[in-house]
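J.: need coordinates for the below:
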Amino acid sequence: MNDTEVRSPCINVCKNDPITGYCYGCGRTNDEIKSWNKEDLTNEWKEENIKISSNRLSGWQLESFKKSYANKILTGKSLIREQKFKE
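T.: Predicted coordinates:
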């Protein structure tokens, strides 16, 4: 991955709400998650998808996402992934 590539917003929660279909961790749908693997996907699409999907989150979910995603950008690992490696 180069420095200008947008990192996936996955924070390793990976459970979808059965009613909305949104991931509890990142707020994306399964189709949005699958789209991130496409090689021709633009950074603009990725940035917009992060805005849209994070707007689906609120309260503690949104705060957890923001902190974990910021950590992922900084260290390469979500907070959950870091915790798993400490154990």
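J.: ok, and what's touching the lengthiest helix in the chain?
T.: For the chain, the helix reaching the highest residue count under DSSP state H is reported as helix 59-75. Applying CB atoms under 8 Å, 6 or more residues apart in numbering, the external contacts of helix 59-75 come out as 7, 9, 11, 24-27, 50, 54, 57, 77-82. Bear in mind the C-beta positions are built from the backbone N, C-alpha and C, glycine included.
J.: tell me the buried residues in that helix?
T.: 61, 64-65, 68-69, 71-72 (16 or more other CB atoms under 10 Å).
J.: which one of those is nearest T42?
T.: Proximity of these to T42 (CB to CB) peaks at Y69, which lies at 19.2 Å.
J.: how far away is that closest one from D40?
T.: 23 Å (CB to CB, to the nearest Å).
J.: one more: I80?
T.: 29 Å.
J.: when these two are compared, which one has more neighbours?
T.: I80 (17 against 5; other CB atoms under 10 Å).
J.: for that one, pull up the helix or strand it's in.
T.: Take DSSP states H and E as the rule and I80 turns out to sit in helix 79-86.
J.: model confidence over the host helix or strand of K34, on average?
T.: Applying DSSP H and E as the criterion places K34 in helix 30-35. The pLDDT scores in helix 30-35 average 96.
J.: just after it, pick out the following helix or strand.
T.: Following helix 30-35 in sequence order, the next helix or strand is helix 43-54 (DSSP H and E).
J.: if you count contacts, what does that next one end up packed against?
T.: Here helix 43-54 touches helix 30-35, helix 59-75, going by 3 or more CB pairs under 8 Å, 6 or more residues apart in numbering; DSSP states H and E.
J.: those helices: which one's closest to D17?
T.: Going by CB to CB, the one of those nearest D17 is helix 59-75, 10.5 Å.
J.: chain center to that closest one: distance?
T.: Taking CA atoms, centre = their mean, to the nearest Å, one finds the center of helix 59-75 at 9 Å from the center of the full chain.
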